[in-house]
Structures are given as structure tokens and as C-alpha cells.
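# Kindly generate the corresponding structure for this input.
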Amino acid sequence: QVQLVESGGGLVQAGGSLRLSCQASGSIFSINVMGWYRQAPGKQRELVATITRTFSTNYADSAKGRFTISRDIAKNTVDLQMDSLKFEDTAVYYCYVQARSRISPSTPQPYWGQGTQVTVSS
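Below you'll find the model as predicted:
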């Protein structure tokens, strides 16, 4: 199994910045995609940004130009730098990885963190 632990959420004023971090651990064979999703109250979970092993990135339109995703392959970490935060960025942010565990190395599986709250005050 793969465990994900997020950190860095909190309360910030509009226009401010936060940096989210996620550490993957456990029986990891390899990690392909790492990323962040978010879910606001009453809304579905949505993509924020993802990054592959070759550092190819994908951003939601709402995140482009404001958020930057990065990863450290050796440390199995993924970060999300969020700048120019807006009230509508308020949500629970979830770390996501697509990984192969040592128990089942032939089959990639999705894993999710427990989420970290980001609240942006207007």
C-alpha cells in the first residue's frame, strides 16, 4: 500500500500565497503521476494540477499562471505553490498519485491523501 500525507494548508487572505506538500510512503515500486485535486463545499472534486515522471505538467484553467506544481522523484514528494489566491480557491485539497506498489508492481493504482483545508478570505 501507498500512504500520502499532506501539509501546508491554512487560512490566507486573498492575494496571498500558500505552499502545499505531499509525501508518499509505503510499499512503493514506482510513481508515475502525482498531483493535486480539490473539492469545494457542494461541488465535485476537480483537477488542479498533475505532473508526470518526465515532469510534464497539466493545469486546470483556473490554476494556470497562479499555481506551480513540482515534484522530487527521489523523495516521492509533490508540492503545489499557490500564488495570487482567490476566494474561489477555498476548498479541501487532496494529494493524488498513480503508483505501482511492491505488492502489485504490474498494475498502477490511484491513491489519495486525506486532504488539507485551504481557506481564502476575501
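# Quick check: buried residues in stretch 18-38?
Using 16 or more other C-beta atoms under 10 Å as the test for burial, stretch 18-38 gives 18, 20-24, 28, 31, 33-38. Where C-beta positions appear, they are placed from N, C-alpha and C, glycine not excepted.
# How about the residue nearest the centre of the chain: what's its closest non-neighbour residue?
Geometric centre of the chain, nearest residue: Trp36, 2.4 Å, by C-alpha atoms, centre = their mean. Among residues not flanking Trp36 along the chain, Val48 sits closest, at 4.3 Å (C-beta to C-beta, 6 or more residues apart in numbering).
# mind listing what that neighbour touches?
Going by C-beta atoms under 8 Å, 6 or more residues apart in numbering, Val48 touches Gly35, Trp36, Tyr37, Arg38, Tyr59, Ala60, Ser62, Ala63, Phe67, Leu80, Tyr93.
# Just the ones in helices from those, please.
Counting by DSSP state H, the contacts of Val48 place none of their members in helices.
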